[in-house]
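Undergrad: Sequence isn't available, so here's the structure alone:
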């Protein structure tokens, strides 16, 4: 952070340490790419955004799934309206889990801030909002609880939201998939992309 020749910093750490490192780097004059999530909670995210604005630094949160070739192609096809007007998105992101998962850092509210919704679910939320062109959300519902592992954070998250124009996203993020899975489906008035 003291090296003035370095202008850009990538921060990829356990969630608990992201906020303080990002703010320190911003104050030292660096532009930041912070690997998701943007904090353990909304308060931490707001602190980072406030610092970036105050010090006039570029801040980005790393959502790498946007750059997967299949996702990029699907986004391009949707922008070209090849599937018509978007109606809904259905996504599932499942991790296989393992014995002792409830003892790892992701299961700690202090270290992680949340569970599977914050870990993998945030990718599905980001992609859904991105495909919907960040249209305002008018209502949402989410059930995020530990349903298998004895832990203090959610191991499963079931969420749904609807935009002001009526588009719907339904997502499920889980640590109890038992076999890893990523599925993202986009449905429009003229077709679908899976």
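TA: Good, I have the coordinates. What you see is a predicted model; the values in this text were computed from it and never measured. Residues are numbered from 1 along each chain as shown.

Undergrad: and residue 60, that one's in a strand?
TA: Yes. Assessed by DSSP: H, G, I helix; E, B strand; the rest coil, residue 60 belongs to a strand.

Undergrad: tell me the centre residue of this protein?
TA: Against the mean C-alpha coordinate of the chain, by C-alpha atoms, centre = their mean, the closest residue is residue 122 at 2.4 Å.

Undergrad: and the strand or helix carrying that residue, how far out from the chain's middle?
TA: Taking DSSP states H and E as the definition, residue 122 sits inside helix 122-131. Its chain's C-alpha centre and that of helix 122-131 lie 7 Å apart, by C-alpha atoms, centre = their mean, to the nearest Å.

Undergrad: Likewise for stretch 170-184?
TA: Taking mean C-alpha positions (C-alpha atoms, centre = their mean), stretch 170-184 and its chain are 14 Å apart.

Undergrad: what's it in contact with?
TA: Outside stretch 170-184, the residues that touch it by C-beta atoms under 8 Å, 6 or more residues apart in numbering are 71, 74, 88-97, 101, 115-117, 119-121, 124-125, 127-128, 147-149, 155-160, 194. The C-beta positions use only the backbone N, C-alpha and C, and glycine is treated the same way.
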